[in-house]
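*Asks:* need a 3D model of the following:
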Amino acid sequence: MSKVGIIGASGYTGAELLRLCAGHPDLELVLATGDSQAGTAVADLYPSLAAACGDLVFAPYDAAAIEGLDLVFLGLPHGASQALVPDLLDRVPHVVDLAADFRLKDPALYPQWYGEAHAAPELLERFVYGLPEVYRDELAGAAAVAVPGCYPTAANLALGPLVRSGLVAPTGIVVDAASGVSGAGRPPKPNTTFCTVDEDFTAYGLLGHRHTPEMEMVFGTEVLFTPHLAPMNRGILATCYARPAAPTSTEAVLAALHEAYDDEPFVVVSERSPSTKATLGSNTAHVTARADERTGWVVALCAIDNLVKGASGQAVQCANLALGLPEATGLPTAGLYP
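*Replies:* Numbers count the residues shown, from 1 in each chain. The predicted structure is shown next:
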């Protein structure tokens, strides 16, 4: 049994980590910090976790409390991990960070996309990008993991195999993706109130969303990315467009997805159009693709639960690999429906 802690457990991704760790047969949760909720019982903030978390109380961060842990999850806002990670890497065998702090390999990208220089650029190369379907070998036994963002996860699972196989040209990629409101986090914001979101559908972050360089890092090319906010709690649907490198067909692009994913525990390839509700509560991604001979475009789609495969579920998947556990341990593959 591996002892784990969650630093920054009071947000939505932290709550999802609490839920998944509670049901994991090989992880023992011994610490959950949340400075803004210190002293609050987990069950009082999230009654859904009352049966699973018992008397667990959010604690303030204390470096001494991490002693003896086998792995630490970080569910902190962007920038906060950079101050803690240098010490954590010296004291904990495995660190899995859900923030963007260590995802990008080029430190010059942080001022451009995050508005400030990176505080620990010398550590960027030590982190493995936590997309198991692409970087599984590097994740096995990894000491430091940077969990991808929710939008890059969906986009890369949809289009990545077509880029890597050479079926689509590595230029002119367009990604449109819609997310549920939980992707904005638990703290209330003017643009995420019920009256603002209900019966609305809007684009945001035009030409400047922070997940763009992650997509470009994995695809190896420029990406035009437009995110949208959908009036739902959870889920992401990414619709990705690319030009074929040579004349192709729907059969060929679907075959490339099947070749990439038929042995994957958390990716379903079919001719069905992916649905966010089909993924609710699961770590499974649903993908498909089409080649349109009339317009000369390839379109690839992926649906995921943004809090599970798009965040905490993927973090546990990476933790399993880092700890040498079976990759699918403790992770649901079936969505909740209706």
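*Asks:* now the element after the lengthiest helix in the chain, going C-ward?
*Replies:* Longest helix in the chain by number of residues, with DSSP state H as the criterion: helix 150-164. Later in the chain than helix 150-164, the nearest helix or strand by DSSP states H and E is strand 173-179.
*Asks:* tilt between that next one and helix 150-164?
*Replies:* 150 degrees (axes from the mean of the first three to the mean of the last three CA atoms, to 10 degrees).
*Asks:* what lines up beside strand 173-179 in the sheet?
*Replies:* In the sheet, strand 173-179 lines up against strand 223-229 (parallel), strand 236-242 (antiparallel) (DSSP bridges).
*Asks:* and the next helix or strand after it, how far from the chain's centre?
*Replies:* Proceeding C-terminally, strand 173-179 gives way to helix 194-197 as the next helix or strand, assigned by DSSP H and E. With CA atoms, centre = their mean, to the nearest Å as the basis, helix 194-197 stands 25 Å off its chain's centre.
*Asks:* now tell me what touches helix 194-197 from outside.
*Replies:* Under the criterion CB atoms under 8 Å, 6 or more residues apart in numbering, residues 181, 190, 191, 229, 231 lie in contact with helix 194-197. For the C-beta atoms, the positions are set from N, CA and C on the backbone; glycine is no exception.
*Asks:* surely the third one touches residue 205?
*Replies:* Looking back up the chat, that one is residue 191. No. Using CB atoms under 8 Å, residue 191 is not in contact with residue 205, being 11.3 Å away.
*Asks:* could you check which of those two is surrounded by more residues?
*Replies:* A count of neighbours by other CB atoms under 10 Å puts residue 205 above the other of residue 191 and residue 205, at 15 against 12.
*Asks:* correct me if wrong, but the more buried one is in a strand.
*Replies:* No. Read with DSSP: H, G, I helix; E, B strand; the rest coil, residue 205 is coil and lies in no strand.
*Asks:* and the closest residue to residue 328 other than its chain neighbours, how many neighbours does it have?
*Replies:* Spatial nearest neighbour of residue 328, chain neighbours left out: residue 265 (4.5 Å); criterion: CB to CB, 6 or more residues apart in numbering. Residues near residue 265, counting by other CB under 10 Å, number 15.
*Asks:* now do the SS call for residue 265.
*Replies:* In three-state terms, and counting by three-state DSSP, residue 265 is coil.
*Asks:* how close does it get to residue 6?
*Replies:* Distance from residue 265 to residue 6, counting by CB to CB, to the nearest Å: 23 Å.
*Asks:* with residue 109 instead?
*Replies:* Distance of residue 109 to residue 6, computed by CB to CB: 27 Å.
*Asks:* ditto for residue 334
*Replies:* From residue 334 to residue 6 the distance is 25 Å (CB to CB).
*Asks:* and if you look at residue 179?
*Replies:* If you measure residue 179 against residue 6 using CB to CB, the figure is 23 Å.
*Asks:* which of the two has more neighbours?
*Replies:* Neighbours were counted for residue 179 and for residue 6 using other CB under 10 Å; residue 6 has more, 28 against 25.
*Asks:* quick one: contacts for that one?
*Replies:* Neighbouring residues of residue 6 by CB under 8 Å, 6+ apart: 14, 17, 18, 21, 29, 31, 32, 33, 72, 73, 75.
*Asks:* just give me the closest of these to residue 172.
*Replies:* Residue 172 has its nearest neighbour among the contacts of residue 6 in residue 75, at 35.4 Å by CB to CB.
*Asks:* and that closest one, how many neighbours?
*Replies:* For residue 75, the neighbour count with other CB under 10 Å is 30.
*Asks:* circling back to that earlier point, among the contacts of residue 6, who's most crowded?
*Replies:* Highest neighbour count within the contacts of residue 6, by other CB under 10 Å: residue 73, with 33 neighbours.
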